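Trainee: no sequence on hand, only this structure:
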């Protein structure tokens, strides 16, 4: 049997070293572009010679400061994002040369106006629907405008050759991650939900991309071989849960902990959230014109800001089947109107498909952990 623990420990250490790595990148004069959303075209930033980095947005610590400027009844992700920027307590925000935003939900759009007073901020105008040729035309134009902006700001030329190379690299990363995620689809899960989250964090905060791919693939192969040799890391009778809804992060590990506790006896086998299966499952077409292919991939991300958003329903059902799930839990952040409103259509769709579903509304505080455990326990007991 392969020793798996040391590989996970390397990943944890690399995530912890992220702030040091980003400081070293900054000292080398390499452009750092801070992002908040999976709609941000990673390939364009990479082709410009820049390093995209996910900015801090999942802790309750800076929310108090943010509420001096923002309403209390606003999504905690937005307040946390702004609070980190306002207090200069996010190392990634501190070292980034600019923020690249997008017009997803209304709260973020207004937050970017305030962020622009702290750091150079560029906002892409995201269409609110994927239907019709006008949406694709608008999004392609936005990507071309971003290309011109990055070329002007960082004095570089983003050629088709550079874009193609970045597309191939990102596809390689996503393919490695999908192989890793797919381990949880085996009849007896090979990964816990916390380990899947660690893999996602490692992808976000490890900036040596080839090394990242090598480690993820090595871990995947060893876990597969151990499983083939009879190792069962997780109770095969644990109820399999797919999480959907708002972005997951450090403060929402409480959700996974509650599901995977000994008392609840569940296991999270997949995340249909931003930055996980939803992001990695669709690759950029390497045979099409680079800008067209990038526009096509990103516009078709099934986010709740899109109307209609039927593709998200289809994706949840697809993953529910592939990952053999017993139930779906929809995690909704307080005051996230798009995901909150959409929960009704998700419930109706899954009920018609015979897939058990529950939704929970929470924030970044840890005060509701007991309540979450009770609710998840009751849900899983009925499966």
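Mentor: Right, received. Where do you want to start? Just so it is clear, the structure is predicted and the values come from calculations on it, not from any experiment.
Trainee: so residue 117: helix, strand or coil?
Mentor: In three-state terms, and counting by DSSP: H, G, I helix; E, B strand; the rest coil, residue 117 is coil.
Trainee: who are the contact partners of it?
Mentor: By C-beta atoms under 8 Å, 6 or more residues apart in numbering, no residues touch residue 117. Any C-beta I mention is one placed from the backbone N, CA and C, and that applies to glycine too.
Trainee: need the strands for the stretch 251-383 of the chain, in chain order.
Mentor: Under the criterion DSSP state E, counting those that start in this stretch, strands of the stretch 251-383 of the chain are mapped to 266-272, 327-333, 357-362.
Trainee: dump these to a markdown table, plus mean pLDDT, distance to residue 23 and mean neighbour count.
Mentor: Shown next, in a markdown table, are those (pLDDT from 0 to 100; distance: least, C-beta to C-beta, whole Å; neighbours: other C-beta atoms under 10 Å):
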| stretch | mean pLDDT | distance to residue 23 | mean neighbour count |
| --- | --- | --- | --- |
| strand 266-272 | 98 | 29 | 26 |
| strand 327-333 | 99 | 30 | 23 |
| strand 357-362 | 98 | 33 | 19 |
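Trainee: and of those, who's closest to residue 377?
Mentor: Closest approach to residue 377 among these is made by strand 266-272 (8.6 Å; C-beta to C-beta).
Trainee: what is that closest one packed up against?
Mentor: Packed against strand 266-272 by the contact rule (3 or more C-beta pairs under 8 Å, 6 or more residues apart in numbering; DSSP states H and E) you find helix 193-205, strand 239-245, helix 253-259, helix 277-280, helix 310-322.
Trainee: so which bits of the second one are buried?
Mentor: Taking 16 or more other C-beta atoms under 10 Å as the neighbour-count basis, strand 239-245 is seen to contain the buried residues 239, 240, 241, 242, 243, 244, 245.
Trainee: sheet partners, orientation included, of it?
Mentor: Strand 239-245 has the following strand partners under DSSP bridges: strand 266-272 (parallel), strand 327-333 (parallel).
Trainee: would JSON lines of those strands with distance to residue 155 be doable?
Mentor: Below are the strands paired with strand 239-245 laid out as JSON lines (distance: least, C-beta to C-beta, whole Å):
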{"stretch": "strand 266-272", "distance to residue 155": "39"}
{"stretch": "strand 327-333", "distance to residue 155": "39"}
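Trainee: how close does residue 340 sit to residue 299?
Mentor: When distance is defined by C-beta to C-beta, to the nearest Å, residue 340 is 23 Å away from residue 299.
Trainee: can you check residue 381 too?
Mentor: Using C-beta to C-beta, we find residue 381 at a distance of 41 Å from residue 299.
Trainee: now swap in residue 133 and tell me
Mentor: 12 Å.
Trainee: and those two? which has more neighbours close in?
Mentor: residue 299 (20 against 7; other C-beta atoms under 10 Å).
Trainee: leaving out sequence neighbours, find the closest residue to that one.
Mentor: Nearest non-adjacent residue to residue 299, counting by C-beta to C-beta, 6 or more residues apart in numbering: residue 139, 4.8 Å away.
Trainee: what are the structural domain limits within the protein?
Mentor: The chain breaks down by the TED database into domains covering 4-161, 166-382.
Trainee: looking at the chain, which helix or strand is least sure?
Mentor: Ranked by mean pLDDT, DSSP states H and E, the weakest helix or strand in the chain is helix 277-280, scoring a mean of 92.
Trainee: what residues sit buried inside that helix?
Mentor: Within helix 277-280, the residues that count as buried by 16+ other C-beta under 10 Å are 277, 278, 279, 280.
Trainee: now do it: which elements does it pack against?
Mentor: On a contact count with 3+ C-beta pairs under 8 Å, 6+ apart, helix 277-280 meets helix 160-181, strand 266-272, helix 310-322.
Trainee: nothing else from me, thank you.
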